[in-house]
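K.L.:
Structural data only, the sequence is not supplied:
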DNA sequence: ACAATACATTCCCATATTAGAATATGTCAA
DNA sequence: TTGACATATTCTAATATGGGAATGTATTGT
């Protein structure tokens, strides 16, 4: 069996550096395909192909206006990725995070002191 | 050109569902290869191959003990992924996150009131 | 209608992949 | 030493890929 299709899930979709660039570029504002190609110095057909993958996984949205198409990142679609990564936060060695974690645990305990 | 090598970066490494499973399994505790194979119902050679990718990207660490090898997730290696995903937090539509964001911005402003 | 513009798609190709089977390597135990 | 056990590697086959070039399609302007 080969690798899973990029269109199957966001983890595969963001495995490609170009696509991560595109997502970053399209997060704050929508852009046309041509704009993206110029901004990232990628051939237009290549941009279209990456956008296809991103669109099929719901990572970008598209709006037609005449012969131009405006794409924009749908950041909500990255939520699952963020959550998956967050499940490992508790195992980070970084002290600040461990402190934050303890503080949150303490706050949680304080809220239900008799919950043995 | 084909897709980038899985060994090149963590984004490619975690694109494979099996490897995400392994990372999740090995986050709280180390396990031997055989344990992993049984726990996830994967053939042993397959586990070894996935571990090779994970190890080469620094996502797991290995400890030899006799003929057994204990692997464990190195959660710190997932930090870059978490950070990348976090850059999109400000674009989430979720209200709770937006509120938190505004609160943090306000706190930041309060700390330096004259910093025009 | 026709040319120009903006995107999308198709074809080809070199390459990286995953699973499975078989095999190799290394370590322990009798 | 020899066999059993734990893991790693090699080989094969099927498949998905991304870039480049060429082409298709839709929309605009004259």
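P.N.:
That came through fine. Keep in mind the model is a prediction, meaning the values are calculated, not measured.

K.L.:
what about stretch A:69-77, how long is it end to end?
P.N.:
Criterion CA to CA, to the nearest Å; first-to-last residue distance in stretch A:69-77 is 20 Å.

K.L.:
check whether that stretch contacts chain B.
P.N.:
Yes - interface with chain B: stretch A:69-77 contributes A:73, A:75, A:76 (CB under 8 Å from any CB of the partner chain). All C-beta atoms are positioned from the backbone trio N, CA, C, and that covers glycine.

K.L.:
before we move on, what about stretch A:16-36?
P.N.:
Yes - Stretch A:16-36 lies within reach of chain B by CB under 8 Å from any CB, at A:16, A:17, A:20, A:23, A:24, A:27, A:28.

K.L.:
helix/strand/coil for the residue most central in space within chain A?
P.N.:
Central residue of chain A (CA atoms, centre = their mean): residue A:78, 3.5 Å from the mean position. Assigned with DSSP: H, G, I helix; E, B strand; the rest coil, residue A:78 falls in the helix class.

K.L.:
these two touch, right, it and residue A:59?
P.N.:
Yes - counting by CB atoms under 8 Å, residue A:59 is a contact partner of residue A:78 at 7.0 Å.

K.L.:
Could you tell me which residues touch both of those two?
P.N.:
The contact sets of residue A:78 and residue A:59 overlap at A:10, A:23 (CB atoms under 8 Å, 6 or more residues apart in numbering or on different chains).

K.L.:
hang on, the earlier thing: which one of the residues of stretch A:69-77 next to chain B is nearest to residue B:105?
P.N.:
Using CB to CB, residue A:75 is the member of those that sits closest to residue B:105, with 17.7 Å.

K.L.:
what's near enough to touch the residue nearest to that closest one when sequence neighbours are not counted?
P.N.:
Of all residues not flanking residue A:75 in the chain, residue B:91 sits nearest, at 3.5 Å (CB to CB, 6 or more residues apart in numbering or on different chains). By CB under 8 Å, 6+ apart, residue B:91 lies in contact with A:27, A:28, A:73, A:75.

K.L.:
Chain neighbours aside, what residue packs nearest to the first one?
P.N.:
Leaving out its chain neighbours, the residue that sits closest to residue A:27 by CB to CB, 6+ apart is residue A:73, at 4.3 Å.

K.L.:
how about the one you found, phi and psi?
P.N.:
Dihedral pair for residue A:73: phi -70, psi 140, per degrees, to the nearest 10.

K.L.:
So it sits against residue A:62, correct?
P.N.:
No - if you go by CB under 8 Å, residue A:73 and residue A:62 don't touch, sitting 11.2 Å apart.

K.L.:
In terms of neighbours, single out the busier of the two.
P.N.:
Comparing residue A:73 with residue A:62 by neighbour count (other CB atoms under 10 Å in any protein chain shown), the higher total belongs to residue A:73, at 23 against 13.

K.L.:
Contacts only, for that one.
P.N.:
By CB under 8 Å, 6+ apart, the contact set of residue A:73 is A:23, A:24, A:26, A:27, A:59, A:60, B:88, B:91.

K.L.:
where in chain A is pLDDT low?
P.N.:
Residue ranges of chain A with pLDDT under 70: A:111-116.
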